[in-house]
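Student: following is a predicted model, sequence given first.
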Amino acid sequence: MYICRNYLPVNKTKKYEYVDDYLLTIRSKGRFSFTFEELNQAFDSSEQAIRRKIYRLKADNKIAIIRKDFYVVLPPEYAEKGSLPIFLYIDDFMKYLGRDYYIGLYSAASLHGAAHQQPMEYQVIVQSPMRSIIEKDTRINFFVRKAWEQESVEQKQSAAGYFNVSSPELTALDFMSFNGKIGGISRIVSILEELTEEIKPSRMHKVGSGYPQISALQRLGYLFDKVYNRQDLVKPIQRVLKGKPTQNILLSISSPKRENIDKDWKVDVNVVIENDL
């Protein structure tokens, strides 16, 4: 099991008497998360006794259990909700699991100033399936991409350190790739228009060149061209698609065919796009 490098070094000669003191020590180090293994090494108690302490702390809303043997400290301002924003622990959590990740889709768009989503629902991209996490008001949904270019992922800073988030360009392409699982094009279109303000043509070409799903590039190119009239963003996608094999694809994955094919992008425009902006 992979333990985060920034976890507290355990001084085996010193044992804590009170769990609350240990939680204060964690917070004094700028951390919000800890593991059962850490507690087991820090206390002269049986495993059963330590687990009783853990469930007492959870009952008192002092910690939340994210997954078996991984916990987060709840400062007073989060105690009533019983959950933390994942930016405060996601990097520690994914390192603990030994997984690559990035925060994506609506959560990434929000971090780039382009989405107005419920703040306690998050989307995280991973390389193999993971079950969703639901803890009080927080829900984390995991989406699978087998690989990605690391340079398409940015780092942002929280009070607990750095975490990974998709760049605006990668976020836009992922919207097109996962649109059938996240509410369809109609939900995405206004958020994506805001996101275009953060997308750079040179970066769009670079990120698009490494993106494996041609259909996502076709959908995004269609929206840039026919909906947003952003020719500066259309051109890099056209360059990426030049010479690549394309076929007729659906604009909205979750909607039926309409045979309303846009010949420039080979996209079946199978939904009516209503942009609130």
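Tutor: Nice, thanks for sending it over. Residues are numbered from 1 along each chain as shown.
Student: the longest helix along the chain - contacts with which helices or strands?
Tutor: Ranked by residue count under DSSP state H, the longest helix found in the chain is helix 47-59. Packing contacts for helix 47-59, counted by 3 or more CB pairs under 8 Å, 6 or more residues apart in numbering; DSSP states H and E, involve helix 19-28, helix 36-42, strand 63-67. For glycine as for every other residue, the C-beta is placed from the backbone atoms N, C-alpha and C.
Student: how about these in a markdown table, adding mean pLDDT, mean neighbour count and distance to residue 181?
Tutor: Formatted as a markdown table, the helices and strands packed on helix 47-59 follow (pLDDT from 0 to 100; neighbours: other CB atoms under 10 Å; distance: least, CB to CB, whole Å):
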| stretch | mean pLDDT | mean neighbour count | distance to residue 181 |
| --- | --- | --- | --- |
| helix 19-28 | 86 | 15 | 35 |
| helix 36-42 | 88 | 17 | 33 |
| strand 63-67 | 93 | 20 | 22 |
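Student: would TSV of these with distance to residue 190 be doable?
Tutor: What follows is those, written out as TSV (distance: least, CB to CB, whole Å):
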stretch	distance to residue 190
helix 19-28	39
helix 36-42	44
strand 63-67	32
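Student: how about the ones you listed, which one is nearest residue 154?
Tutor: Of all those, the one in closest proximity to residue 154, counting by CB to CB, is strand 63-67 (23.6 Å).
Student: quickly run through the sheet partners of that closest one, with directions.
Tutor: In the sheet containing strand 63-67, its partner strands are strand 70-73 (antiparallel), by DSSP bridges.
Student: how far does the partner strand sit from the chain's center?
Tutor: Centroid displacement of strand 70-73 relative to its chain, using CA atoms, centre = their mean, to the nearest Å, is 19 Å.
Student: residues in contact with residue 233?
Tutor: Taking CB atoms under 8 Å, 6 or more residues apart in numbering as the definition of contact, the neighbours of residue 233 are 196, 199, 201, 204, 224.
Student: just residue 143 next, same as before
Tutor: So, once contact is read as CB under 8 Å, 6+ apart, residue 143 ends up touching 104, 105, 123, 124, 125, 126, 174, 178, 181.
Student: which of those residues fall within helices?
Tutor: Helix and strand membership here follows DSSP H; of the contacts of residue 143, those in helices are 105, 174.
Student: highest neighbour count among the contacts of residue 143?
Tutor: With neighbours set by other CB atoms under 10 Å, the maximum within the contacts of residue 143 is found at residue 104, which has 28 neighbours.
Student: mind listing the strands for the stretch 151-277 of the chain?
Tutor: Taking DSSP state E, counting those that start in this stretch as the criterion, the stretch 151-277 of the chain contains strands spanning 153-158, 161-166, 249-250, 261-262, 267-268.
Student: and the first one, what does it pack onto?
Tutor: Looking back up the chat, that one is strand 153-158. Applying 3+ CB pairs under 8 Å, 6+ apart, one finds that strand 153-158 makes contact with strand 161-166.
Student: in a markdown table: the contacts of residue 233, plus distance to residue 136 and pLDDT.
Tutor: Conversion of those to a markdown table gives the following (distance: CB to CB, whole Å; pLDDT from 0 to 100):
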| residue | distance to residue 136 | pLDDT |
| --- | --- | --- |
| 196 | 35 | 96 |
| 199 | 35 | 98 |
| 201 | 42 | 97 |
| 204 | 38 | 98 |
| 224 | 39 | 98 |
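Student: all set, thanks.
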